[in-house]
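Student: Give me the fold of what follows.
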Amino acid sequence: MYAAFQNLIQSFLERPLAAAFGIFGFLCLLIWPLFRARRAMLTAQFGIGIGYCLHYLLIGAWTGAGITALGASQTAFSIWVAGHPRLRVALLGFLPLVAGVTWATWGACPRSSPAPRLRSSCSGGCSAMKSVCASSCSRRRRSG
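Tutor: Just a heads-up that it's a prediction; the model follows:
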């Protein structure tokens, strides 16, 4: 336990800006359920995406950065779409983008692809894609 704490402190000291954005994202993650208004919740969730995206960019985790940037974009679009119910279906357009970012950065693309240097050591890309797809499917099952 002590060694893990030392590693955490060391990573904060090596990349303080990355740590600050990660902490910001984490704080937004903690507070969003406290809000009652949809717009406030989504704004905090946008903060989660931006905070983690910048954190991942600064540590070189391209998959995490790409997926969280798409999540933040989807949240921002959701805030805007609130007044335009017919456009909500456009949110499904983010799913192929998630698959594309994951394919290009996670290592699923062939070695001869121009994207190998974008591959991340972050193995969360696949699980992020699965969670986005799973949450979309479970929402459809509950409402349909």
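
Student: three-state assignment of R36?
Tutor: Three-state assignment for R36 (DSSP: H, G, I helix; E, B strand; the rest coil): coil.

Student: buried residues in stretch 2-19?
Tutor: By neighbour count on 16 or more other CB atoms under 10 Å, the buried set for stretch 2-19 is 15, 18-19. All C-beta spots, glycine's among them, are computed from the backbone N, C-alpha and C.

Student: wait, which of those is closest to R88?
Tutor: A18 (34.2 Å; CB to CB).

Student: That closest one: what's it in contact with?
Tutor: 54-55, 58-59 (CB atoms under 8 Å, 6 or more residues apart in numbering).

Student: what about the helices in this protein?
Tutor: Ranges of helices within the chain are 2-14, 16-31, 38-59, 62-81, 94-106, 124-143, based on DSSP state H.

Student: So what's the gap between the second one and the chain middle?
Tutor: Its chain's C-alpha centre lies 13 Å from the corresponding centre of helix 16-31 when counted by CA atoms, centre = their mean, to the nearest Å.

Student: For that helix, output the C-alpha coordinates as CSV.
Tutor: Output of helix 16-31 as CSV, limited to C-alpha atoms (Å, rounded to 0.1, in the frame of the first residue of the first chain):
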residue,chain,number,x,y,z
PRO,A,16,1.8,18.2,-12.1
LEU,A,17,-0.4,19.6,-14.9
ALA,A,18,-1.6,16.2,-15.9
ALA,A,19,-2.3,15.4,-12.3
ALA,A,20,-4.2,18.7,-11.9
PHE,A,21,-6.5,17.9,-14.9
GLY,A,22,-7.0,14.3,-13.6
ILE,A,23,-8.0,15.6,-10.2
PHE,A,24,-10.3,18.2,-11.8
GLY,A,25,-12.0,15.3,-13.8
PHE,A,26,-12.2,13.2,-10.7
LEU,A,27,-13.8,16.1,-8.7
CYS,A,28,-16.4,16.6,-11.5
LEU,A,29,-17.0,12.8,-11.4
LEU,A,30,-17.7,13.1,-7.6
ILE,A,31,-20.1,16.1,-7.8
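
Student: Perfect, I'm done here.
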